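K.L.:
Sequence first, then the predicted structure, then my questions.
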Amino acid sequence: MQQTIQLGQVQPSVLSRVESAVENLKVWWGATSKSFTALCATDKGEVFTHGDVVKAHLALAAVLILIGIGGAL
């Protein structure tokens, strides 16, 4: 199957797609996580971002892995 590109049409480059994805990730990372804030905020006005949620989950996974390794020994 042969694809043709009409004159005047420009396909977005891979680099621009990657840049767009990185920008979207940066915005998402800094955005407020409403559900995690509602569940875990202990002080009035305390706010958690999606980045905080990811870091908390990674820390929990690391602790569970260490517990598993310690139990296997």
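P.N.:
Received, thanks. Residues are numbered from 1 along each chain as shown.

K.L.:
Would you mark the buried spots in the worst-scoring helix or strand of the chain on mean pLDDT?
P.N.:
The weakest-scoring helix or strand in the chain, judged by mean pLDDT, DSSP states H and E, is helix 14-30 (a mean of 90). Within helix 14-30, no residue is scored as buried using 16 or more other CB atoms under 10 Å. Placement of C-beta: from N, CA and C, glycine included.

K.L.:
going on from that helix, what's the next piece of helix or strand?
P.N.:
Counting by DSSP states H and E, the next helix or strand C-terminal to helix 14-30 is helix 34-40.

K.L.:
what's the model's confidence in that following helix, averaged?
P.N.:
When pLDDT is averaged along helix 34-40, the result is 93.

K.L.:
Show me what it is in contact with.
P.N.:
Applying CB atoms under 8 Å, 6 or more residues apart in numbering, the contact partners of helix 34-40 are 46, 47, 48, 52, 53.

K.L.:
The third one and residue 17, how far apart?
P.N.:
To residue 17, residue 48 is 30 Å away according to CB to CB, to the nearest Å.

K.L.:
same question, the last one
P.N.:
When CB to CB is the yardstick, residue 53 and residue 17 sit 26 Å from each other.

K.L.:
cool, the fourth one as well?
P.N.:
Separation of residue 52 from residue 17 (CB to CB): 28 Å.

K.L.:
Likewise for the second one?
P.N.:
Distance from residue 47 to residue 17, counting by CB to CB: 31 Å.

K.L.:
Residue 44 now?
P.N.:
Residue 44 is 41 Å from residue 17, where distance means CB to CB.

K.L.:
Equivalent analysis for residue 38, please.
P.N.:
34 Å.

K.L.:
what does the least confident helix or strand of the chain contact?
P.N.:
Contacting residues not belonging to helix 14-30 are listed as 49, 50, 51, 54 [CB under 8 Å, 6+ apart].
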